[in-house]
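K.L.:
mind looking at a prediction? Sequence and model below.
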Amino acid sequence: MSESTNYQELSRRYGFAPKPESASRLTQLVARQDSDLDEITKVIDKDPSLRKRLLRVANPDAENEAEYAVETVEDALMRNGMGCVLVLAMSTPLALALAKSFQTMLSLKLEDIDRFAAEPLAGEPLLGTIGFSGRIEGRVFLRMNRDSARAVAAGILGISIEELTNADEIRDAAGELLNIMTGNFKSNLCDAGLECRLQPPEVRFSSDLEIPAVPGGGLERMAFRAGKIQLFVDVTANPWNQDS
Amino acid sequence: MPLKILSVDDSRTIRLIVGRALRPYDCILCEAANGEEGLAAAAREKPDLILLDVTMPVMDGVTMLTKLKEDPALKAIPVIMLTAESGRDNVIHIARLGVRDYLVKPFKEDQLIEKLGRSLTLKKKDEAPVAAPAA
């Protein structure tokens, strides 16, 4: 029995949910260093949500589609290279895992929103990060205002906000949310041969809102809302580290 | 006699969720925050089942599982993996080491109880035992 057949049998036995096909295909294409740009273009063009997100990544300062300078998938890929495809492939399972976490742990439907329409972060928001290294390197950032962070922690722990006794509970819940999000995308990357290791999450309250620049890499900035809870998620990645 | 379940996870949040899911049942929950503590707790407590995370500091879940299966006194304890990682190579490696089941995070509490019920006869507090379904 081949390893892939064996994995399919194990997936059935353990009741794993199917992985998003277009994201898996995209990750496999990105993992090949001789990847065919035409094939990548076809995969993205066939999936309206991937297309929308690629154009958003390619037009980071545009507040709406009317302001897009880059309007086609081909143009976006030519201008931004593989770094932006890689973050797209990574952030798809990450966003799905985040939405599923809200659905299963908080019974809330999480919506992808325009980050320019989101209420800005203020004061000392919660900042959680997880780094990853290996064939690719990068970092995932999770930010929430304090009220959102408290609501998320209380929801995950199944208690009222008033019952939260200390900041450690809020930090630990946010750290676990980060673990779940990144664990899911790590699986997707590893399945495509892009082995990487996750670092432990770091969570603190901080007014430092800068995302470090990633020369030659990609950056996707996302925002989500569920009721009064609002989250910002940023993913940075450098394509394959040749030394690892 | 209550069942004893060992939860090995570096996240206090997950250990609390497991504790909340098990609250209605006649069981004792033991906790460990990494594989090293988990091995010591397994030897000390002799749990009926272990819930095991993969990515943890000090000693990860795969190393703990390997050591557990090498120990004649501990190798028969059923293990359910409880992790966000479901990559092909990891799952195949873990299955070969020998686990009873695998639950991917995020999970619902009733999914956890259903998985536990496949391996153990869970009994609600002050109630007659509910027979585990045939495997």
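P.N.:
Yep, it's here.
K.L.:
which parts of chain B sit against chain A?
P.N.:
Proximity of chain B to chain A, by CB under 8 Å from any CB of the partner chain, involves residues B:10-14, B:16-17, B:20, B:54-55, B:57, B:83-92, B:95, B:101-108. Glycine gets a C-beta too; all of them are placed from N, C-alpha and C.
K.L.:
ok, the one residue sitting closest to the centre of chain A - contacts?
P.N.:
Residue closest to the average C-alpha location in chain A (CA atoms, centre = their mean): A:Ser91, at 3.2 Å. By CB atoms under 8 Å, 6 or more residues apart in numbering or on different chains, the residues touching A:Ser91 are A:53, A:185, A:220, A:222, A:233, A:235.
K.L.:
and if you look at B:Val104?
P.N.:
Residues in contact with B:Val104 (CB under 8 Å, 6+ apart) are A:14, A:16-17, B:83-84, B:86.
K.L.:
TSV for those, including neighbour count, secondary structure and pLDDT?
P.N.:
As requested, the contacts of B:Val104 are arranged in TSV below (neighbours: other CB atoms under 10 Å in any protein chain shown; DSSP: H, G, I helix; E, B strand; the rest coil; pLDDT from 0 to 100):
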residue	neighbour count	secondary structure	pLDDT
A:Tyr14	18	helix	91
A:Phe16	17	coil	87
A:Ala17	10	coil	82
B:Thr83	26	strand	95
B:Ala84	25	coil	92
B:Ser86	28	coil	88
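K.L.:
what's the first helix or strand after the lengthiest helix in chain A?
P.N.:
Scanning chain A for the longest helix, with DSSP state H as the assignment, gives helix A:73-106. Scanning forward in sequence from helix A:73-106 by DSSP states H and E, the next helix or strand is strand A:111-113.
K.L.:
tell me the strands beside that next one, with direction?
P.N.:
strand A:218-226 (antiparallel) (DSSP bridges).
K.L.:
toward the C-terminus, what is the element adjacent to the strand it pairs with?
P.N.:
Heading C-terminal from strand A:218-226 (DSSP H and E), you reach strand A:229-238.
K.L.:
what comes up buried for that next one?
P.N.:
Using 16 or more other CB atoms under 10 Å in any protein chain shown as the test for burial, strand A:229-238 gives A:229-238.
K.L.:
is it anywhere near chain B?
P.N.:
No: for a cut-off given as CB under 8 Å from any CB, strand A:229-238 has no contacts with chain B; the smallest distance is 14.9 Å.
K.L.:
so, low pLDDT: which residues of the chain?
P.N.:
Answering for chain A, as no chain was given. A:1-5, A:213-216, A:239-244 (pLDDT under 70).
K.L.:
if you could check chain B rather than the one you did, that'd help
P.N.:
For chain B (pLDDT under 70), the answer is B:128-135.
K.L.:
now it against chain A: closest residue?
P.N.:
B:Ala84 (2.6 Å; CB to the nearest CB).
K.L.:
distance of A:Gly175 from B:Pro57?
P.N.:
12 Å (CB to CB, to the nearest Å).
K.L.:
what's the answer for A:Leu194, then?
P.N.:
Counting by CB to CB - A:Leu194 and B:Pro57 are separated by 23 Å.
K.L.:
right, is stretch A:126-135 up against chain B?
P.N.:
No: against chain B, stretch A:126-135 shows no contacts by CB under 8 Å from any CB, the least distance being 10.1 Å.
K.L.:
the helices in chain B, which residues?
P.N.:
B:12-22, B:35-45, B:61-70, B:88-97, B:109-119.
K.L.:
with mean neighbour count and distance to A:Gln33 as new columns, can the ones you listed be given to me in TSV?
P.N.:
Formatted as TSV, the helices of chain B follow (neighbours: other CB atoms under 10 Å in any protein chain shown; distance: least, CB to CB, whole Å):
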stretch	mean neighbour count	distance to A:Gln33
helix B:12-22	20	37
helix B:35-45	19	35
helix B:61-70	20	29
helix B:88-97	17	20
helix B:109-119	17	39
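K.L.:
redo those helices as JSON lines? Include distance to A:Asp147.
P.N.:
Shown next, in JSON lines, are the helices of chain B (distance: least, CB to CB, whole Å):
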{"stretch": "helix B:12-22", "distance to A:Asp147": "19"}
{"stretch": "helix B:35-45", "distance to A:Asp147": "35"}
{"stretch": "helix B:61-70", "distance to A:Asp147": "34"}
{"stretch": "helix B:88-97", "distance to A:Asp147": "37"}
{"stretch": "helix B:109-119", "distance to A:Asp147": "26"}
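K.L.:
circling back to that earlier point, buried ones in the longest helix of chain A?
P.N.:
For helix A:73-106, by 16+ other CB under 10 Å, it's A:73, A:76-77, A:80, A:82-102, A:104-106.
K.L.:
distance check, the residue nearest to the centre of chain A against chain B.
P.N.:
The spacing between A:Ser91 and chain B, counted by CB to the nearest CB, to the nearest Å, is 15 Å.
K.L.:
what of A:Thr182?
P.N.:
Taking CB to the nearest CB, one finds A:Thr182 at 8 Å from chain B.
K.L.:
give me the neighbour count for that residue.
P.N.:
Close neighbours of A:Thr182, defined as other CB atoms under 10 Å in any protein chain shown, add up to 28.
K.L.:
so the residue in chain A that chain B sits nearest to is in which element?
P.N.:
Across chain A, the shortest distance to chain B (CB to the nearest CB) belongs to A:Gly183, at 2.6 Å. Following DSSP H and E, the helix or strand that holds A:Gly183 is helix A:167-191.
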